[in-house]
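1. missing the sequence, but the structure's below:
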């Protein structure tokens, strides 16, 4: 079996995959209503929220688009706090739908600086909302969302969070950190195949929603809410993913959120330690290194493209390359969801063999 | 096992469900690239098109939204040919995104009249596109798309087709009938669970796309095209549904499209004949009755809500009720995808017992 070590889709446990194979039911019938209600309630516990949580049949990017069009009107000024590919994507969506985006971009590999955000909020009193990536998969960096949230709320702005690769794996108590809209995706820490975005919509977000005029139909949170009240989704949902969630969420609640978060921290530390022992360097600043994905700098003559190929073909281990401008500059190891120490030990052992074959000379 | 006789989601064959349970792979890797290319090519054969076909992670409604925002600009005049709930939905999407919608609504249960469409096209020379539902699931009526297409092209307008519940089950040669954008959904005749919309985008559609200014990001056909060229989708796709398609499409190609269409016609006729033998009346005008779903009028004291409940609880048969204003006025029997004569015989036999229990008196 492949050791799939990209930052999503992540491998799914056997019983979750079995649930994917369940026969179809009526999505407007009583069995599905009870399943949807149950899955939604369990998600709320893991989001640590009393707010509404909706399941959208979409990739994570669809969830980001949903957050934008439900919160904003064309012309609204938004601050985009970006530390990589996904931060840029969030800004591009807002811009595409007519928001006036103020970009606040930080060097890739670094986390967002709180003081710079404070300055931007001071300089631009018209800012209505702040878009921020909690965990940037492209660089392997986790922002200090707690501090960012405190600041955004000090200025009384809406906080819209891309938590696609963090929620359920890295600490993010949605209500306590006053996230207004929080987006995640099934194929990350949730141990479920891709196809569903989950969004939490808080009280202030509903107020913004009632005034937001960006065009929306498929993504409309108000429709999602009115249908959820009768145990349905507005449009035919990706039923199999809901079946899979009903199994995966029970596993997560059995392990316990604190244990899951601690496991991710422990395995990430093991990954970083192992990478350094191999003579490689971390790409992300270590104080903000992600607990769901580790980015490794190409150094010492390493050809990351060849490395990824050797690891896949000779070791059955699938690593991530660098995206966009990061291509060739880093490789990435995903360690989120259904992952344990053995999976990482296997990666580190294989790297030991593969690195020299891919041109790497330690200390060079 | 339940006999799921709603017009989608439809039951899936055992081997399709098994494919749903496959372990995840890298959606940016070589295995998936080859799978995506293969599935896309097979879909093109069943669409009878040489045009681009894209897989969107979405419900069918997402596919309709994608068609609208990729073809139109705010202010564009569109003719909405509607014969039921889904026709109205298509119009509502266009209107929500700023199109000027001219509604051409026909009585529910009837097909669209060609002469009325001609008159509307004559009266409104500014019309840019015509939105039409090929098969209206809410009323069980199939429009004469071939004639509508000939007319729309006589006036040189764009033809945007909701073929969600027809393509793959009812004749629709996309290129021959000059459909510019054609939308369908995995959970209908394709024998695959819900979660994916498939869209065909023709040459004239690309010209319209290059000028269309409605905001789009997630649904952007141009992005879908550039990623498909490297065997990818722009956003993480619902992998399991693609796995399922690779099995389902082989089954469809083995049976052969002509045989599939003939089977749907034969089973639909069996359903209509059986319904009439039970003393019930068809809701749809029979000359345009759908071969994927049969709508039955509530007559002779029949309480459709009670009927649907008895059929589900006592016979394990799940029927559709009426949607929106049709609630209580009709019930619906889905017969598309993985369906054979035995499934319908079981429905008819159970109806014989259940109808009197639900208040129906034949001939009353």
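-> Structure received. All values derive from a computational prediction rather than experimental measurement. Residues are numbered from 1 along each chain as shown, chains lettered A, B, ... in the order given.

2. isn't residue A:319 right up against residue A:333?
-> Yes: here residue A:319 reaches residue A:333: they are 5.9 Å apart, a contact under CB atoms under 8 Å. No exception for glycine: its C-beta is placed from N, CA and C like everyone else's.

3. Name the nearest residue to the residue in the stretch 51-200 of chain A positioned nearest to chain B, ignoring sequence neighbours.
-> Of all residues in the stretch 51-200 of chain A, residue A:195 sits closest to chain B, at 3.3 Å by CB to the nearest CB. Counting by CB to CB, 6 or more residues apart in numbering or on different chains, residue A:195 lies nearest to residue B:238, which is 3.3 Å off, once chain neighbours are set aside.

4. ok, now which ones touch the one you found?
-> A:59, A:193-195, A:238, A:241, B:57, B:195-196 (CB atoms under 8 Å, 6 or more residues apart in numbering or on different chains).

5. Recalculate using a threshold of 10 Å.
-> Going by CB atoms under 10 Å, 6 or more residues apart in numbering or on different chains, residue B:238 touches A:9, A:57-59, A:186-187, A:193-196, A:238, A:240-241, B:27, B:55-58, B:186, B:193-196, B:244.

6. Next step: the residues you listed restricted to strands.
-> Among the contacts of residue B:238, the ones falling in strands (DSSP state E) are A:57, A:196, B:55-57, B:196.

7. Looking at these, which is nearest residue B:210?
-> Nearest to residue B:210 among the ones in strands among the contacts of residue B:238: residue B:56, at 19.5 Å, using CB to CB.

8. tell me the contacts of that closest one?
-> A:58-59, A:62, B:62-63, B:65-66, B:183, B:185, B:195-199, B:218-219, B:221, B:224, B:233-235, B:237-238.

9. Could you give the bridge partners of the closest residue to it other than its chain neighbours?
-> Computed as CB to CB, 6+ apart, the closest residue to residue B:56 that is not its neighbour in sequence is residue B:197, at 4.6 Å. Beta-bridge partners for residue B:197, by DSSP bridges, are residue B:56, residue B:185.

10. Mind listing the shared neighbours of residue A:319 and residue A:333?
-> Common neighbours of residue A:319 and residue A:333 (CB under 10 Å, 6+ apart) are A:5-6, A:296, A:311, A:347, A:351.

11. Keep the residues you listed, but drop any that are not near chain B.
-> With CB under 10 Å from any CB of the partner chain as the criterion, the shared contacts of residue A:319 and residue A:333 include A:5-6 near chain B.

12. Give me the subset of the shared contacts of residue A:319 and residue A:333 lying in strands.
-> A:5, A:296.

13. What distance do you get for the residue nearest to residue B:56 to residue B:169?
-> Look at residue B:197 and residue B:169: by CB to CB, to the nearest Å, they are 16 Å apart.

14. Spell out, range by range, the strands that occur in chain A.
-> Using DSSP E, strands in chain A cover A:3-5, A:52-57, A:77-82, A:100-105, A:127-133, A:135-136, A:141-142, A:158-162, A:181-185, A:196-201, A:281-282, A:293-297, A:317-321, A:330-334.

15. Deepest in the core, which of those is it.
-> Ranked by mean neighbour count, the strands of chain A are led by strand A:135-136 with a mean of 32 (mean count of other CB atoms under 10 Å in any protein chain shown).

16. Within its sheet, name the partner strands of that strand and how each one runs.
-> Strand A:135-136 is paired, per DSSP bridges, with strand A:141-142 (antiparallel).

17. looking only at pLDDT, what's the mean for the strand it pairs with?
-> The pLDDT scores in strand A:141-142 average 98.

18. And it, how far out from the chain middle?
-> Remark: strand A:141-142 is offset 11 Å from the chain centroid, using CA atoms, centre = their mean, to the nearest Å.

19. just to revisit the earlier point, and residue B:77, which of the strands of chain A is closest to it?
-> strand A:100-105 (29.6 Å).

20. Surely the residue of the stretch 51-200 of chain A closest to chain B touches residue A:240?
-> Yes: in terms of CB atoms under 10 Å, residue A:195 counts as a neighbour of residue A:240; the distance is 7.9 Å.

21. list residues touching both of the two?
-> A:20, B:193-195, B:238, B:240-241.

22. Contact partners for residue A:296?
-> A:140, A:271-272, A:275-276, A:278, A:280-284, A:302, A:304, A:307, A:319, A:322, A:330-333, A:351.

23. any idea how far chain B is from residue A:32?
-> 10 Å (CB to the nearest CB, to the nearest Å).

24. typo on my end, residue A:224
-> 12 Å.

25. Go ahead and confirm that residue touches residue A:206.
-> No: in this structure, residue A:224 is not within contact of residue A:206 by CB under 10 Å, at 11.8 Å.

26. list residues touching both of the two?
-> A:52, A:70.

27. So for those two, which sits in the more crowded spot?
-> It is residue A:224, of residue A:224 and residue A:206, that has more neighbours when counted by other CB atoms under 10 Å in any protein chain shown, with 23 against 17.

28. got the contact list for the nearest residue to the more buried one once chain neighbours are set aside?
-> Sequence neighbours aside, residue A:54 is the residue nearest to residue A:224 in space, at 4.2 Å (criterion: CB to CB, 6+ apart). Counting by CB under 10 Å, 6+ apart, residue A:54 touches A:40, A:43, A:63, A:66, A:197-201, A:219, A:221, A:223-225, A:227-228, A:233-234.

29. Run through the residues of the stretch 201-350 of chain A sitting next to chain B.
-> Close to chain B, as judged by CB under 10 Å from any CB, the stretch 201-350 of chain A has residues A:214-220, A:233-241, A:243-244, A:308-309, A:312-313, A:318-321, A:323, A:337-338.

30. The same query, at a cut-off of 8 Å, please.
-> A:214-218, A:234-241, A:312, A:318 (CB under 8 Å from any CB of the partner chain).
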